[in-house]
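Trainee: sequence and predicted structure, then a few things I'm wondering about:
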Amino acid sequence: MALLAFGLVAALAASSLAWASEEQPTLAELETEVICPTCHTTLDQSSAPIAERMRQFIRSRIAAGDTKSEIKRKLVAQFGDQVLASPPKRGFNLLVWVLPPAGVVLGGLLLALLARRWSRGQGRDPEPEEPIDPELERRVEEALDQLEA
């Protein structure tokens, strides 16, 4: 019960931080979420002139009281979706968000299936072998006796 309460408190704290980040964004966090159209790196890693103009635009929008979503929406309107470091969760880009977790789940199921099949095969007795030809067995015994002598 205490674990459930702790999880609930942690979830509420995380959501309030996310809401605060949305309402009062900082340049530092937006720099990691926006890509420079010239060098195709995040703004925090870019020194291109357009990156500096984008930083100035972000600073002015933060000062004007825009939310993080509003600032991103304005940048997307000007530069397109490729300006976002994370693709939007809609349309064809939704595959980027769905396929990796689906692959992990399918891989885990496949591993579980293979492990189950492998473990079931371990407890079985081996198939009975065909009896050895008595004449062949006698010759092998004679050959071994000659080697020992």
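Mentor: Looks like it came in fine.

Trainee: after the helix or strand where Leu106 lies comes which helix or strand?
Mentor: In the assignment (DSSP states H and E), Leu106 maps to helix 94-122. The helix or strand immediately downstream of helix 94-122 is helix 134-148, counting by DSSP H and E.

Trainee: dump that following helix to CSV, keeping only the CA atoms.
Mentor: Output of helix 134-148 as CSV, limited to C-alpha atoms (Å, rounded to 0.1, in the frame of the first residue of the first chain):
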residue,chain,number,x,y,z
PRO,A,134,26.9,-57.8,-32.8
GLU,A,135,29.6,-58.6,-35.4
LEU,A,136,30.7,-55.0,-35.4
GLU,A,137,30.8,-54.9,-31.6
ARG,A,138,33.0,-58.0,-31.6
ARG,A,139,35.5,-56.6,-34.0
VAL,A,140,35.7,-53.3,-32.0
GLU,A,141,36.4,-55.3,-28.9
GLU,A,142,39.1,-57.3,-30.6
ALA,A,143,40.7,-54.1,-32.0
LEU,A,144,40.7,-52.6,-28.5
ASP,A,145,42.2,-55.7,-27.0
GLN,A,146,45.0,-55.6,-29.6
LEU,A,147,45.8,-52.0,-28.7
GLU,A,148,46.0,-52.8,-25.0
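
Trainee: tell me the pLDDT of the residue nearest to the spatial centre of the chain.
Mentor: Geometric centre of the chain, nearest residue: Pro100, 5.6 Å, by CA atoms, centre = their mean. As predicted, Pro100 sits at a pLDDT of 88.

Trainee: same question, Ser119
Mentor: On the pLDDT scale, Ser119 gets 83.
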